[in-house]
Structure formats: structure tokens, C-alpha cells
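> Structure for the following, please:
(chains A, B, C and D)
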Number of protein chains: 2
Amino acid sequence: MAANSRLTVAAHALAWMALVRRSSDEFVTSERIAASVNTNPVVIRRAIGRLRAAGIVEVQRGAGAGCRLARPPESITLREVYEAVEHEPLFGLHARPPNQGCPVGRGIQPALAKVYGGVEDALRAELERTTVADLLIDVLASAWRTAVEPASDAPPGTPA
Amino acid sequence: MAANSRLTVAAHALAWMALVRRSSDEFVTSERIAASVNTNPVVIRRAIGRLRAAGIVEVQRGAGAGCRLARPPESITLREVYEAVEHEPLFGLHARPPNQGCPVGRGIQPALAKVYGGVEDALRAELERTTVADLLIDVLASAWRTAVEPASDAPPGTPA
DNA sequence: CTTGTTGTAACAGTACCTATTACGTCAAGC
DNA sequence: GCTTGACGTAATAGGTACTGTTACAACAAG
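All right, here's what the predicted structure looks like:
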């Protein structure tokens, strides 16, 4: 399970946009988000592209452009986010087809596909229990707990 | 989510050993299992090594050596198998630590870790619902359904 | 002592992810 | 219109992980 960080990047970006949305309706740039995630703006744009295709965010092009949540954060579940950014199955089947001359080789793939399908359903159901709004609340609670400097509750406009 | 096939290979090997166990207590070689999985014996040995460390199979070395289930297949759940062969977390966090000067950057990792932990728990609970014995029953049912030749129900001793 | 098998290291090839640069496209605002 | 700032995307490089394969030491049965 070589884990990638696409869901993490997408969730981080959405939490950031949800926080900004509390105080303004302006579009935020991929560069600003990238400064908080600590990555390259192109990585953010790639994630945003998938979220836009899923109708989770809306993007404004041209000068002074950017991105913002397309819907209230209470209505965006992490299941949606997961399905927007991740398309590979959780578990891979055989790299090369198993021996069809053997009963186990012939029956193993359908049997495992059933199991894996149930697992992915369970994973999606669990992710559905958390919305971006829930996540932001928890993020801010954790940030307070970790804060050492009293000036830590800086406004969202100063992420870098 | 770059999916690997370790769980698939382990489950396939265990189903094969469970089928053999029905008619004999002999040890089977990694070469025989590899012939059914259609891979290299070393790949099987790598999986067997982890299953052995977890107490799922027992290995006999020396001449005429091999491997067999250490316990009845009804007592081996896919959760155990998953935990034996897979150690990486399902979702990766940030490749580089997020900006600690931003409230979201400071709180996102603990918040996501909580979500990801719940997801892994749900995944394990779902995998726990299936034992190797259950899997074998389903494998054989699927093999029968797919069988075109009447000689398809060959004894387990002839996998290749 | 021979023989067959495991355990493991080493290596090549492939594939994917992240980071980065570069550039075309686009719309706001003067 | 033109300028400008930002997105969308291709291309590339470096790193990492998995699979397949060869090779060989360790080991136990007979």
C-alpha cells in the first residue's frame, strides 16, 4: 500500500478554503494554499482540478482569479473528496492473471473482488461521517492545543 | 493509492493451503503455490515469511520441506492476514510538513490522523468478517461457475 | 552426505508520486 | 484593446515502492 497524499492535500486545501469562507467570499490563489500545505502551486492546481470536476469548488480564471468552495462546507463529506481525488482500487489483484487450470486460480479473483468491494464500501461509509466543516473545527481545536505563542490565532489571511 | 497485490497473493496462498489441508497434512512448496498464483516462488516465500511471523502458517525446512496452515482456516480472518502483510498506512500525510505558521497547517495533521485512524478501524472490522474458510468456499463456488470443462474439479494436487 | 527447499540479498525493470519549470489560455480592469 | 495576474497542463527529473528474477547460504530429511 504505497500511500500517496492526494486526499491529505485536498482536505487541507478545502479546510483552508472553508476557513477563508468564514470571513469573505473572495477567491484564493493556488499559491496561497500551497504556502500553507508547503508544496508547489501546481500540486494544488492538480487537486483543485479534480475537486472542480466533482463540483466541490469553483474556479475563476483571468486576472485576480482563484478558487473557493462551491457549496457550504457542512455539505461536503470526505467521501466525496476521496472519490474526487482517488480512483485506484484500494487493493490490487494479481499482477499477472492466476493459473486458470487450478480451481483456486480460477475462483480467487471473483471471490476477492467481492471482499474488496465490501471493504471499499466500509471505507466510504466511514469517510462520509466527516464533513469539511467538521474537519475545520477539529483542525482549529488541534491548532489551539499545539499553539505555543499567544499570537497563534492569526487571521486566515496570513498563512505563510 | 498505488495498490499493491500483497494481500491478494497472501489470500491466494492461504486459500490454496486450506484446500490442500482438506485432504492431507503434508507441507506444500512455494513452487507449487507460485504455479497457481502465476508468479515467482520468491514472491510467495516473501509473503509466507510474514504469515509465519504472524503465526498463521508453519514452515518446515530441509529436504521435502514446505509450508502449511498453522491453524484451522475458520480461525484465520482476512484482518489478520492484512495486518501480517501490510504495514503502511492507508493514506499518506504531507510529504513535507505543512506550514506551522498557519492555523490550518498546524492543526491539519492531528485532525486527519484521527479521521484516517477511524477509516483503518472500519477497514479492519470489515476484513474481520471473512475467514480463510469463507474465502475458500467462495473461491470454489466461483470456480465452478466459471468452469467450462467438466474436468474442472480436479483434485488440489494438480494446480498447474 | 546427498538432496531438495527455505530465507534472503542483490539487481533490473516498471510504475507512480512529488516537485518544478515552462508556456498557452483566459478574464478583469484600466 | 492591452496589460496583468492566475489557471490548466505538458514535460521532466528525482525518489520510492513493487514485482520478477537470479544466486547462494542455511538447513533438515533420509
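
> and whichever strand or helix holds residue A:126, what does it pack onto?
For residue A:126, the element it lies in under DSSP states H and E is helix A:103-128. Other helices and strands packing on helix A:103-128, by 3 or more Cβ pairs under 8 Å, 6 or more residues apart in numbering or on different chains; DSSP states H and E, are helix A:78-85, helix B:6-21, helix B:30-37, helix B:103-128, helix B:132-146. C-beta here means a position set from N, CA and C on the backbone, and glycine is covered the same way.

> how about 10 Å then?
helix A:78-85, helix B:6-21, helix B:30-37, helix B:78-85, helix B:103-128, helix B:132-146 (3 or more Cβ pairs under 10 Å, 6 or more residues apart in numbering or on different chains; DSSP states H and E).

> Pull out the buried positions in that helix.
Residues of helix A:103-128 classed as buried: A:103-109, A:111-112, A:115-116, A:119-120, A:122-124, A:126-127 (neighbour count, 16 or more other Cβ atoms under 10 Å in any protein chain shown).

> what would the helices and strands packed on helix A:103-128 look like in CSV with distance to DNA strand D?
Listed next are those as CSV, based on distance: least, Cβ to the nearest atom of the strand, whole Å:
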stretch, distance to DNA strand D
helix A:78-85, 14
helix B:6-21, 5
helix B:30-37, 8
helix B:78-85, 9
helix B:103-128, 16
helix B:132-146, 18
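
> Now render those helices as CSV, adding mean pLDDT.
Converted to CSV, the helices and strands packed on helix A:103-128 look like this (pLDDT from 0 to 100):
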stretch, mean pLDDT
helix A:78-85, 98
helix B:6-21, 98
helix B:30-37, 98
helix B:78-85, 98
helix B:103-128, 98
helix B:132-146, 96
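
> For DNA strand C, which of the ones you listed is the nearest?
Nearest of these to DNA strand C, taken as Cβ to the nearest atom of the strand: helix B:30-37 at 3.9 Å.

> what about the very next helix or strand once past the closest one, distance to the chain center?
Toward the C-terminus, helix B:30-37 is succeeded by helix B:41-53 as the next helix or strand (DSSP H and E). Between the centre of helix B:41-53 and the centre of its chain there are 10 Å (Cα atoms, centre = their mean, to the nearest Å).

> do helix B:41-53 and chain A meet?
Yes: Helix B:41-53 lies within reach of chain A by Cβ under 10 Å from any Cβ of the partner chain, at residue B:43.

> Would you mind extracting the C-alpha trace of that helix into CSV?
Extracted in CSV, the C-alpha atoms of helix B:41-53 (Å, rounded to 0.1, in the frame of the first residue of the first chain):
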residue,chain,number,x,y,z
PRO,B,41,8.4,-18.7,-5.8
VAL,B,42,10.4,-16.0,-4.1
VAL,B,43,7.4,-13.7,-4.1
ILE,B,44,5.5,-16.5,-2.4
ARG,B,45,8.3,-17.0,0.1
ARG,B,46,8.3,-13.3,0.9
ALA,B,47,4.5,-13.5,1.7
ILE,B,48,4.9,-16.8,3.7
GLY,B,49,7.6,-15.2,5.8
ARG,B,50,5.2,-12.5,7.0
LEU,B,51,2.4,-15.0,7.6
ARG,B,52,4.8,-17.2,9.6
ALA,B,53,5.9,-14.3,11.8
